[in-house]
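> Generate coordinates for the sequence data below:
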Amino acid sequence: MSDNFYRAFEERHRGSRELIKSRLAVYLPFIKPLHHVYQQSPVLDLGCGRGEWLEVISGEGIPAMGIDSNQGMLGACYEIGLPVEQGDAIVYLSSLADDSQTTVSAFHLVEHLAFDQLRTLVSEALRVLKPGGLLIMETPNPENIVVGTCNFYLDPTHQRPIPSQLLSFLPEYYGFNRTKVLRLQESKDIAENETPTLQDVLGGVSPDYAVIAQKHASPEILSLFDELFSHEYGLTLNTLAARYDHAIASKAQ
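This is a model prediction of the structure:
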């Protein structure tokens, strides 16, 4: 597979640069409090791809570095002067000093990794994060039936879908203080519809999700994030299916 193939594939099937940047803005409320606490400490983006996240956080004045193994994908970063290096994400992460990063992010990377690599990513992220630092892992949501059975396999480099229960358990196991699952990118119309169709049930659940894990820190730092970690995000299959059953029962009556 050539370097340019995957960049062309992403541009066709993931969405435009502006669309992805608008979606990534959901993470800024988590990132900004950390920047106030650790103003000079960087964000590390593993598998940075075209660099949309780097562009978003750089626009907020937050220092960052991106790592990706694909030279073709990094071309988009070079074109706009983003701070990136070509290399293996796990190797680079493992080379960093303890307590050196405020955030380690991995957007649509974990589904490309073998499970042992994923375990290493989580354990090494805990080591390099500062107290209160965040690990963000976004991936396709197999709870969405269309995503889990069809769309996920459109990308030939994907390994296997990762259920949110597994991805959130990993940081808990390795010693993070708390985790939160964010279900993402669901249709607002479907989310607000109390009478969904069968097609809505099959494909309307949040198509992506993220696990955000936070390292232990002082109560003063953790309290900055309490509201964010208590909020519920996105649309579940159970919610949509229950609405569908209720609508069918109402029609029958």
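
> Tyr233 contacts Ala191, correct?
No - applying C-beta atoms under 8 Å as the test, Tyr233 and Ala191 come out as separate, 11.0 Å apart. Where C-beta positions appear, they are placed from N, C-alpha and C, glycine not excepted.

> Compute the distance between the residue nearest to Gly47 when sequence neighbours are not counted and His36, please.
Counting by C-beta to C-beta, 6 or more residues apart in numbering, Gly47 lies nearest to Leu109, which is 3.5 Å off, once chain neighbours are set aside. With distances taken as C-beta to C-beta, to the nearest Å, Leu109 is found 27 Å from His36.

> In the protein, where's the longest helix?
Assignment by DSSP state H gives helix 237-252 as the longest helix of the chain.

> Ala106 belongs to a strand, doesn't it?
Yes - judged by DSSP: H, G, I helix; E, B strand; the rest coil, Ala106 forms part of a strand.

> May I have the beta-bridge partners of it?
Using DSSP bridges, the bridge partners assigned to Ala106 are Leu46, Met137.

> Let me see the confidence value for whatever residue is furthest in space from the centre of the chain.
For the chain, the C-alpha farthest from the mean C-alpha position belongs to Gln253; by C-alpha atoms, centre = their mean, that distance is 42.8 Å. On pLDDT, Gln253 comes in at 82.

> ok, now Leu184?
Predicted confidence (pLDDT) for Leu184: 97.

> which ones are touching it?
When contacts are counted by C-beta atoms under 8 Å, 6 or more residues apart in numbering, Leu184 touches 23, 26, 138, 141, 206-210, 233-234.

> Same check on Thr195?
243, 247.

> Confirm it sits in a strand?
No - per three-state DSSP, Thr195 lies outside any strand segment and is coil.

> Backbone dihedrals for the residue nearest to Leu240 when sequence neighbours are not counted, both of them.
Using C-beta to C-beta, 6+ apart and skipping residues adjacent in sequence, the residue nearest Leu240 is Val201, 4.9 Å away. Val201 has phi and psi values of phi -60, psi -40 when expressed as degrees, to the nearest 10.
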